[in-house]
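Asker: From the sequence below, what's the structure:
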Amino acid sequence: MPTLLITGANRGIGLELCKQYLAEGWEVHACCRKPKKANELKTLTEKNKNLTIHELDVTNDKQMDKLKKALKNKPVDILLNNAGVHALGASQFGKTDDKAWEEAVAINLIAPMKMMEHFVENVAISDKKIIASMSSKMGSMDDNSSGGSYAYRATKAALNAVMVSAAHDLRHLDITALILHPGWVRTDMGGPNGEISVQESAQKLRKILDECDITDSGKFFDIDGSIIPW
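Answerer: Predicted coordinates for the structure are as follows:
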């Protein structure tokens, strides 16, 4: 049975990916900050024995260490770094907020790096061997035609650089490192005017993850499967 380990799983795209992978017969380890308040995830556990919820604030080293121990020797076919923040408090020129920047760097950039370091051995002993991080087209400097969103753009661009380095460093383990843009999705972060639903985004993300191989490692995928320029 293939296994997914995903952060930010209590809502939006993360929650929908959990639902869809469970429906496909996967074992899912869903991480979120406050499991007691993750009502939809808890409802899923009542219906599906293949779902395990883990308490994980991705900025909490002790919780990450605890999760590593809990999953010791467990193959993880896909590690999906999905947790992220938009850092609205650090989006406008002339209104820099140090704490908002620090939060964005911690969650959008450092946490995915640490998740890779903690669970690379789990991925290496799996069949699919995929590490994917949810980025954004807003992290593409080539695509930046409107400015603003300083911390979000910067941390996603830096995340892309991290994933490209990981693609090189983990190739000897046959691990595929992918960068994903989920599309403009109707979620709390994307807003009500998004172009696609969470269901459609999750379906298309799964298609990319299902069809990729080691030759795709380090690529920055748009939701339609095309490659996003930097």
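
Asker: Centroid-wise, who is the farthest residue in this protein?
Answerer: residue 94 (30.0 Å; C-alpha atoms, centre = their mean).

Asker: Give me the contacts around the helix ranked longest in the chain.
Answerer: Within the chain, and with DSSP state H defining each element, the longest helix by residue count is helix 150-169. With contact meaning C-beta atoms under 8 Å, 6 or more residues apart in numbering, helix 150-169 is reached by 85-87, 90-93, 96, 100-101, 104-105, 108-109, 112-113, 116, 131, 133, 135-136, 138-141, 144, 175-179, 217-218, 220, 230. The C-beta positions use only the backbone N, C-alpha and C, and glycine is treated the same way.

Asker: List the pairing partners of the next helix or strand after it within its sheet, with orientation.
Answerer: Counting by DSSP states H and E, the element after helix 150-169 in chain order, helix or strand, is strand 176-180. Strand pairing for strand 176-180, determined by DSSP bridges: strand 130-134 (parallel), strand 220-221 (parallel).

Asker: Deepest in the core, which of the ones you listed is it.
Answerer: Most buried of these, by mean neighbour count (mean count of other C-beta atoms under 10 Å): strand 130-134, with a mean of 25.

Asker: would you put the C-alpha positions of that one in CSV?
Answerer: Presented in CSV, the C-alpha positions along strand 130-134 are these (Å, rounded to 0.1, in the frame of the first residue of the first chain):
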residue,chain,number,x,y,z
ILE,A,130,8.9,11.5,-4.4
ILE,A,131,9.4,14.7,-2.4
ALA,A,132,7.2,17.5,-3.6
SER,A,133,6.8,21.0,-2.3
MET,A,134,3.8,23.3,-2.9
